[in-house]
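**Student:** Here is the input, now give the coordinates:
(4 chains, ligands or ions: 4)
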Protein chains: 2
Amino acid sequence: MGVSRKTKTVKLLLDLFDRKDCALSIVELVSTFSGKMNKSTVYRILNRLEESGLLHSFLGNDGLKRYAKGDQRPAKSKNTTMHPHFLCEDCGISSCLPLEISTSSIPNYTIKSSEQLYLGQCNNCQM
Amino acid sequence: MGVSRKTKTVKLLLDLFDRKDCALSIVELVSTFSGKMNKSTVYRILNRLEESGLLHSFLGNDGLKRYAKGDQRPAKSKNTTMHPHFLCEDCGISSCLPLEISTSSIPNYTIKSSEQLYLGQCNNCQM
DNA sequence: TTCTTAATGCAACATGGTTGCATTAATAAT
DNA sequence: ATTATTAATGCAACCATGTTGCATTAAGAA
Ligand SMILES: [Mn+2]
Ligand SMILES: [Mn+2]
Ligand SMILES: [Zn+2]
Ligand SMILES: [Zn+2]
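**Tutor:** Ligands and ions are numbered 1, 2, ... in the order given. Model (predicted):
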């Protein structure tokens, strides 16, 4: 598991995430790199990068998986802690929110983790 | 938009939601009613019931849409307010959580709503 | 340079969800 | 009760995201 070879395709993806600071959906990535690498390759690299802890992922309310920089694996979180994500309803841009997730406790339930997505308008799209 | 005719199939779905108190994924529902109604019919009825405010929906972290009783449409919320949802990692059961969502404000972002999914163990699956 | 095997490309598949259209049936009108 | 209107259904074909098996390629160790 994890990334063990720095192939051209892996570098392409890592470079992009270096430049871009927002979260990127797989669909965007597959489209961005169409011609440069195969769809399955994108999926597989993203999997490995997440296992390695270089990226983490979350689901938008459109059901699309998005990836962003940083580790979010349980119990190993050094770079990044659990945090909510934001999705702009106007332009679709998405990003990590620098907030702690406060896991409230609920009777009869054991809560292990939580996924939080905030929806609204980003900096550019306001008013 | 909304439900305007109480067809046999609509009654079947409403009856089920009357009996069951938890949230149900479309996949479950399509499977439950296979033989009784068509896949597209299930999707279309659920859409209409949500527009009517009889049901509301959310996405599991598996990307599957789930439906539960009650209205969650913005600005019209009488029955139900915005609330988080729970998904048992062991048995897959899912339900609404009776909690208010506190929309924290974040600089540079206008937050309109939020989707919160709590993951863990349900009553039955604990220890 | 050679060898090992992780990683890729490709095509075929799986699953969730949507759509166009002919037909059926709930309800309104007579 | 009968007829007319049209919402709702079934079906088949489609679309999108995501996965998989397998032959081939290319990192990087030896
Ligand atoms: Mn994040
Ligand atoms: Mn709910
Ligand atoms: Zn925006
Ligand atoms: Zn359970």
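
**Student:** and stretch A:36-50 with ligand 1, contact?
**Tutor:** No: using C-beta under 5 Å from the ion, stretch A:36-50 never reaches ligand 1; the gap is at least 11.5 Å. All C-beta spots, glycine's among them, are computed from the backbone N, C-alpha and C.

**Student:** which other residues reach that stretch?
**Tutor:** Contacts to stretch A:36-50, defined as C-beta atoms under 8 Å, 6 or more residues apart in numbering or on different chains, come from residues A:1-3, A:9-10, A:12-14, A:26, A:29-30, A:33, A:55-57, A:67.

**Student:** Got a ChimeraX select line for the buried ones in those residues?
**Tutor:** In ChimeraX syntax, the buried subset of those is picked out as below (16 or more other C-beta atoms under 10 Å in any protein chain shown):
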select /A:9,10,12,13,14,26,29,30,33,55,56,57,67
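
**Student:** and stretch A:116-127, does that touch chain B?
**Tutor:** Yes: under the criterion of C-beta under 8 Å from any C-beta of the partner chain, chain B is reached by stretch A:116-127 at A:116, A:117, A:118, A:119, A:120, A:121, A:122, A:123, A:126.

**Student:** which one of these is nearest ligand 3?
**Tutor:** Distance to ligand 3 across these (C-beta to the ion) is lowest for residue A:122, with 3.4 Å.

**Student:** Partner strands of the lengthiest strand in chain A, with direction?
**Tutor:** Ranked by residue count under DSSP state E, the longest strand found in chain A is strand A:110-121. Partners of strand A:110-121 in the sheet, by DSSP bridges, are strand A:85-88 (parallel), strand B:110-121 (antiparallel).

**Student:** now it: how far from the chain's centre is it?
**Tutor:** 13 Å (C-alpha atoms, centre = their mean, to the nearest Å).

**Student:** Tell me how far stretch A:43-62 lies from the chain's centre.
**Tutor:** Taking C-alpha atoms, centre = their mean, one finds the center of stretch A:43-62 at 6 Å from the center of the full chain.

**Student:** Any residues of chain A in contact with ligand 3? List them.
**Tutor:** Residues of chain A lying near ligand 3 (C-beta under 5 Å from the ion): A:88, A:90, A:91, A:93, A:122, A:125.

**Student:** Any quick PyMOL command for the buried ones out of the residues you listed?
**Tutor:** Per 16+ other C-beta under 10 Å, the buried members of those correspond to this PyMOL selection:
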select buried, chain A and resi 88+93+122
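
**Student:** so can I have TSV of the residues of chain A next to ligand 3 showing pLDDT and distance to DNA strand D?
**Tutor:** Below are those laid out as TSV (pLDDT from 0 to 100; distance: C-beta to the nearest atom of the strand, whole Å):
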residue	pLDDT	distance to DNA strand D
A:88	97	17
A:90	93	19
A:91	94	17
A:93	96	16
A:122	95	21
A:125	95	21
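
**Student:** Can you verify my assumption that residue A:58 contacts residue A:66?
**Tutor:** Yes: the pair residue A:58 / residue A:66 is scored as a contact, 5.9 Å apart, by C-beta atoms under 8 Å.

**Student:** Quickly list what's touching both of these two.
**Tutor:** A:23, A:85.

**Student:** can you give me the helices in chain A?
**Tutor:** In chain A, helices defined by DSSP state H lie at A:8-19, A:26-32, A:39-52, listed in chain order.
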